[in-house]
Structure formats: C-alpha cells, structure tokens
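>>> Please work out how this folds:
(chains A and B)
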Amino acid sequence: MIVAFFRELLGSGTLFGYQVIPQWCYDHGYMNNGLMILPPMALITVGCIIWVHRARNKDLQEN
Amino acid sequence: MEELNLFIKSIFIDNMIFAYFLGMCSFLAVSKNVKTAFGLGIAVTFMLVVTLPINYMLNKYVLQEGALAWLSPELAGVDLSFLGLILFIAVIASATQLVEMAVEKFSPSLYASLGIFLPLIAVNCAILGASLFMQQRDFGSAGTAMIYGAGSGIGWLIAIVGIAAIREKLAYSDIPKPLRGVGIAFIITGLMGIAFMSFLGIKLG
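Below you'll find the model as predicted:
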C-alpha cells in the first residue's frame, strides 16, 4: 500500500483514481513522472522505504 | 533461424528477472559473491533445460485439449490443462532432488556455500514461470522448448552474475549505514531493470 501510494501519486497524480494534484500545478509546468509507473521503480521505492526504516531503527542495520 | 531468434529474445528481451521479475528471492539472497552466483545460475539453467522438454511432452500428450486422443478416441474432448501447475511442480521438484544430489557429489564446496538455496530452486518462480509461459505459447517441438529454457536460464545467469559483481565492488564504497545490504540491492536491481527495458524496442525477425 505504501509503495502504491507513492507510485500512483507521483506517477499519475491520482489516489484511488481520484485526481489529487490540482490543475494549477499542471499549468505551472509540473508533469506526471511516467517513470514511476514502470515496474522497476517499485524496487527502488522499496529500497528507499528500507532506508527510512533502518535509519529510524538502529538495530536493524548491518555493517 | 527462428530458434536463434527465440534464444536471443529469451536472454535479453524476455529476461526472467528484469522483464518479468521472477526468481527474485534467490537472486537477492545469493548475489553476494560471484562464484556462488555463477554456480546457482548454472544450476537454474540446467534445471530449465532438463524440465522444459519434459513439461512440453507432458503438456502435448496429456494436458492439452484433445491431447489424450492417442489413448482412445473417446478421450479426445478432455482438457486437463488445469492440472498443469501441479504436474509441472512435481517434475521440477524431482529434478531439483537430482541436481542437489549431483552437486553434493561433484562439488561439495558449492553445495556448502549455497546452503538452503539449492533445494529452494524447486520453488524458484523463474523455473515454474518458464513452464507456464511455455504452456501459453505454442512451441513447435521439444527442442524449441529446450532452447527457450536454455535462453531463460542464461538470462537469469547473466542477471545474477551481474548484480553479484556489482555488489562485490560495492564493498569498497561508502554507502550510508541504513542502506547497506538489502537496501542497496533493491535499488541496484531497479536500476538494472530500467536499463534492460532498453531492449524492449528490438524486433527480431
């Protein structure tokens, strides 16, 4: 769910199909990041989630 | 010529790891060391080359719709393809036992370094996935199925040896502590997946 949240938000600007990013953002030059929809970005998103989780919980870190 | 196209296509364009993301558990767990990764890649390739023709024969003469016609004409309407999953797993599990015994006899060091991941080849999604893909596509003969298996296996081997080599070199880099180990492996796999997507535009015959 967390991975899908970020990928959908950044990839199409919607959440559960409901458009979240308002139109004025698009007019000012913001564009949907088409890379987030591709499958490999899910792996990179999970890597970032692991990063955040292990930074907050020091005993999960390996050396 | 078509066989060569199929071979090259299944190594790079339909790569089991980077295009379909099958076989990830063993891929991420064994890729710390190039020698072990190479050994596992060879084992997976051997498994694919052995099990795909057997599964092809099973599919053609037992499972497909109308396949049982050689037993008796009244069985011509029987479609057993729903049993494909369980029969393929049975064949793959028995082949894994054989491979495990062979590896234990011929290379005890490889057996020791692979540990639990050698029997885990039995549930490696890449091997079952190749059999299920074979069931959906129509290959001409068992030989073509074997070439597809060899190509998929070599694609898996290239992927795991590639990431093992990168991870070995990463031991000398300065990665932030939270990212070491699994975190950086996920990010590298994602980046390699994006790189392999560049093969999607190639048309082979």
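
>>> quick one, what contacts the closest residue to chain A within chain B?
Of all residues in chain B, B:G193 sits closest to chain A, at 3.1 Å by CB to the nearest CB. All C-beta spots, glycine's among them, are computed from the backbone N, C-alpha and C. For B:G193, the contacting residues are A:39-40, A:43, B:17-18, B:21, by CB atoms under 8 Å, 6 or more residues apart in numbering or on different chains.

>>> are any of those buried, and which?
A:40, A:43, B:17-18, B:21 (16 or more other CB atoms under 10 Å in any protein chain shown).

>>> Work out for me the element the residue of chain B closest to chain A sits within.
helix B:182-196 (DSSP states H and E).

>>> So which bits of that helix are buried?
Within helix B:182-196, the residues scored as buried using 16+ other CB under 10 Å are B:182-194, B:196.

>>> Same question for stretch B:46-58.
For stretch B:46-58, burial by neighbour count (16+ other CB under 10 Å) applies to B:46-56, B:58.

>>> Keep only the residues you listed that also lie close to chain A.
By CB under 8 Å from any CB of the partner chain, no member of the buried residues of stretch B:46-58 lies near chain A.

>>> farthest pair in those residues?
Distances among these were taken as CB to CB; the most separated pair is B:F46 and B:L58, at 19.0 Å.

>>> Get me the contact residues on chain B for chain A.
B:18, B:21, B:176-187, B:189-194, B:197.

>>> Which residue lies closest in space to B:P176, excluding its sequence neighbours?
Spatially, and ignoring its direct neighbours in sequence, B:P176 is nearest to A:W51 (7.4 Å; CB to CB, 6 or more residues apart in numbering or on different chains).

>>> ok, that neighbour touching B:F186?
No: proximity of A:W51 to B:F186 does not meet the contact threshold set by CB atoms under 8 Å, at 9.5 Å.

>>> quick check: longest helix of chain B.
In terms of residue count, the longest helix belonging to chain B (DSSP state H) is helix B:142-169.

>>> average pLDDT for that helix?
When pLDDT is averaged along helix B:142-169, the result is 91.

>>> quick one on the thing from earlier: ok, of the buried ones among the contacts of B:G193, which one's closest to A:V3?
Closest to A:V3, out of all of the buried ones among the contacts of B:G193 and judged by CB to CB, is A:L43, at 9.4 Å.

>>> For the helix or strand hosting the closest one, buried residues please.
According to DSSP H and E, A:L43 maps onto helix A:40-56. Within helix A:40-56, the residues that qualify as buried are A:40-48, A:50-51, A:54, counting by 16+ other CB under 10 Å.

>>> Give me the contacts around it.
Contacts of helix A:40-56 (CB under 8 Å, 6+ apart): A:2-3, A:6-7, A:11, A:35-36, A:60-61, B:18, B:176-179, B:182-187, B:189-194, B:197.
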